[in-house]
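**Student:** below are the sequence and a predicted model; questions follow.
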Amino acid sequence: MASVSTQIFGIVNITADSFSDGGKYLDPQAAISHAQDLLSQGAHVLDVGAASSHPDAGDVSAATEIARLESVWAGLKALGAPISVDSFQPATQRWAMAQGADWLNDINGFAESSLYDELADYNGKLVVMHAIQAKGIATREAPPEGDIWPIIFRFFEQRLEAFERAGIARDKLVLDPGMGFFLGNRPETSMAVLAGLQRLKREFEVPVLVCVSRKSFLRALASPNDTPIGVEQSGPISLAGEMLALEQQVDFIRTHAPEPLAQAVRLRK
């Protein structure tokens, strides 16, 4: 059975080149309207990203990220839901903390130790993501040879030890093993991690978040030929991947389409 506490992060991309909806919500009013739709569909948290992280994404400065966030912040706050800011740039993270963001979501797993004193004082929660890329956005590099799980465990062991030394409370952490190109260019690696999420929960006894929504590894596996199905066709396979995560009682699922996932969560309670 899925955990009755499973929470849904609804994705709000205020970006020009997102792989899933590139530029569609860069306009502030479009982004705010989309966020409202996500909440009406069952999202509990709004996860707002001002820069894309897929392998073909362009560079976005922290100043641009902050300007994009500023343009929607008041409107998003007015919706009344917790807000997560998806960024690996310390300047953006500092801005988000100063604005009262409820969550910080970092694809680099908070690699910048210079921020740790501030994170220790921060009252929100931290999504600490693993990626085979030590810093920056995803690439198309091959995954490490062999079992990926020891690498994931070692990453989180080192991060959690560093956080503890810095006084960052363990109860504000959520672990994300990464998916898709963050685990390499082979779909099988992501599937192995998706099938073993309970191992992560057991190993660290920390809540787990996962995001498989519209990911190319699922679209490749769902294709009847060698060409991945398009993003617009990825709803069923995304939900199937999210159901696999629900089977393993993950605590948070980040998605572009909350409604079918929310229905699945209610069905399994």
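**Tutor:** In hand now; what should we look at? Quantities reported herein were computed from a predicted structural model and do not represent experimental measurements.
**Student:** gap between the spatially closest residue to S114 that is not a sequence neighbour and F155?
**Tutor:** Leaving aside its sequence neighbours, S114 sits nearest to P90 (C-beta to C-beta, 6 or more residues apart in numbering; 6.9 Å). Using the backbone N, CA and C atoms, a C-beta is placed for each residue, glycine as well. Using C-beta to C-beta, to the nearest Å, one obtains 19 Å as the distance from P90 to F155.
**Student:** more crowded one of these two?
**Tutor:** Residue environment comparison for P90 versus F155 gives the larger neighbour count to F155, 20 against 16, counting by other C-beta atoms under 10 Å.
**Student:** could you list the low-confidence segments of this structure?
**Tutor:** Judged by pLDDT under 70, the chain has its weakly predicted residues at 1-4, 269.
**Student:** of all the helix elements in it, which one is longest?
**Tutor:** The helix that spans the most residues within the chain, counting by DSSP state H, is helix 149-166.
**Student:** hey, C-alpha coordinates of stretch 164-181 in PDB?
**Tutor:** Only the C-alpha atoms of stretch 164-181 are listed here, as PDB (Å, rounded to 0.1, in the frame of the first residue of the first chain):
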ATOM      1  CA  GLU A 164      25.500  17.100  10.600                       C
ATOM      2  CA  ARG A 165      28.900  18.700  11.200                       C
ATOM      3  CA  ALA A 166      27.400  22.000  10.100                       C
ATOM      4  CA  GLY A 167      24.400  21.700  12.400                       C
ATOM      5  CA  ILE A 168      21.800  21.200   9.600                       C
ATOM      6  CA  ALA A 169      19.000  19.200  11.300                       C
ATOM      7  CA  ARG A 170      18.300  15.800   9.800                       C
ATOM      8  CA  ASP A 171      14.500  16.300  10.200                       C
ATOM      9  CA  LYS A 172      14.500  19.100   7.500                       C
ATOM     10  CA  LEU A 173      16.000  16.800   4.900                       C
ATOM     11  CA  VAL A 174      14.400  14.900   2.000                       C
ATOM     12  CA  LEU A 175      16.500  12.700  -0.300                       C
ATOM     13  CA  ASP A 176      16.000  12.400  -4.100                       C
ATOM     14  CA  PRO A 177      18.100   9.700  -5.800                       C
ATOM     15  CA  GLY A 178      17.900  11.500  -9.200                       C
ATOM     16  CA  MET A 179      16.400  10.100 -12.300                       C
ATOM     17  CA  GLY A 180      16.900  10.200 -16.100                       C
ATOM     18  CA  PHE A 181      20.100  11.900 -17.300                       C
END
